[in-house]
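Trainee: this one's sequence-less:
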């Protein structure tokens, strides 16, 4: 069973976001790495909360059966409503170089090799980060020298966000794997956001949750449309 194999890989330490991007049938999994964002406990299906109740971050549960299919879920983090309200919104201005690997293990090795070479060129001041982004990056930010603008927490996929948040100003990351490919990241600025920014983030998360729920219902509808029932009379 595919869901059981995915759960085994996740428990063995495989990159969960990559598994979601590769195998999940949920809409948007490729872009989000399966991330469902933050919600209060009462807004999660009881199937999920029951499976993860009292478990530490990093716990993988499943396969879990629902009307929409089988789920494999991973608990990323928990925090209280009070701590969330008191947490300042720190916005980050970052740039990156994205290299999309060719298929197979050799593609990943080559992408990392290239990014390590570019990293060394920037560190030795033989090249400017923006110039290399324009030449090598495989996304729309390349024309802006890799500039991603101001990012709120959660704007990027978890693998990217975790590394970006941990970087000091002007520090170059090691090559980072995400569902999109391999990234080289540099943080140029940080600033404290306003209360309006927090409200905007909360509103955006609600919209994202609704879209995920709508996609799940649409997937279930398509599944039902493809289901045939044979009846026989004795």
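Mentor: Arrived safely. Just so it is clear, the model here is predicted, and its values are computed rather than measured.
Trainee: confidence score at the residue minimising distance to the centre of the chain?
Mentor: Centre of the chain computed as the mean C-alpha position; nearest residue by C-alpha atoms, centre = their mean is residue 157, 2.7 Å away. Residue 157 is assigned 84 on the pLDDT scale.
Trainee: what of the one 5 residues further on?
Mentor: In the prediction, the pLDDT value recorded for residue 162 is 87.
Trainee: could you do residue 224 as well?
Mentor: The predicted local distance difference test score for residue 224 is 65.
Trainee: is the closest residue to residue 168 other than its chain neighbours bridged to anything, and to what?
Mentor: Distance criterion C-beta to C-beta, 6 or more residues apart in numbering; nearest residue to residue 168, sequence neighbours excluded, is residue 187 at 7.3 Å. C-betas here are computed from N, CA, C, even on glycine. Beta-bridge partners of residue 187, counted by DSSP bridges, are residue 94.
Trainee: wait, doesn't residue 187 sit right on residue 167?
Mentor: Yes. Counting by C-beta atoms under 8 Å, residue 167 is a contact partner of residue 187 at 4.6 Å.
Trainee: residues near residue 57, how many?
Mentor: Other residues near residue 57 number 10, with proximity taken as other C-beta atoms under 10 Å.
Trainee: oh, I was asking about residue 182
Mentor: Summarising burial for residue 182: neighbours were counted as other C-beta under 10 Å, giving 23.
Trainee: can you tell me the SS state at the closest residue to it other than its chain neighbours?
Mentor: The shortest distance from residue 182 to any non-neighbouring residue, by C-beta to C-beta, 6+ apart, is to residue 111 (4.2 Å). Per DSSP: H, G, I helix; E, B strand; the rest coil, the local secondary structure of residue 111 is helix.
Trainee: residue 111 and residue 99, how far apart?
Mentor: Look at residue 111 and residue 99: by C-beta to C-beta, to the nearest Å, they are 4 Å apart.
Trainee: follow-up on the earlier one: and residue 187 and residue 167? which has more neighbours close in?
Mentor: In this view residue 187 and residue 167 are compared by other C-beta under 10 Å, and residue 187 has more residues nearby, 21 against 16.
Trainee: can you pull the phi/psi pair for residue 46?
Mentor: Torsion angles at residue 46 (phi, psi; degrees, to the nearest 10) stand at phi -60, psi -30.
Trainee: correction: residue 36
Mentor: Per degrees, to the nearest 10, the residue geometry at residue 36, taken as phi and psi, is phi -110, psi 0.
Trainee: rewinding a little: between residue 111 and residue 99, which contacts overlap?
Mentor: The overlap between the contact sets of residue 111 and residue 99 (C-beta atoms under 8 Å, 6 or more residues apart in numbering) consists of 181, 182.
Trainee: okay, the residue nearest to the centre of the chain and residue 176: tell me how far apart.
Mentor: Using C-beta to C-beta, we find residue 157 at a distance of 10 Å from residue 176.
Trainee: what number of residues lie near residue 178?
Mentor: Residue 178 is surrounded by 21 other residues when neighbours are defined as other C-beta under 10 Å.
Trainee: oh, that last question was meant for residue 107, not what I typed.
Mentor: Neighbours of residue 107 under the rule other C-beta under 10 Å: 15.
Trainee: also residue 175?
Mentor: Residues within reach of residue 175, counting by other C-beta under 10 Å, total 21.
Trainee: now do the same contact list for it.
Mentor: Residues in contact with residue 175, defined by C-beta under 8 Å, 6+ apart, are 111, 112, 115, 116, 119, 182, 183, 184.
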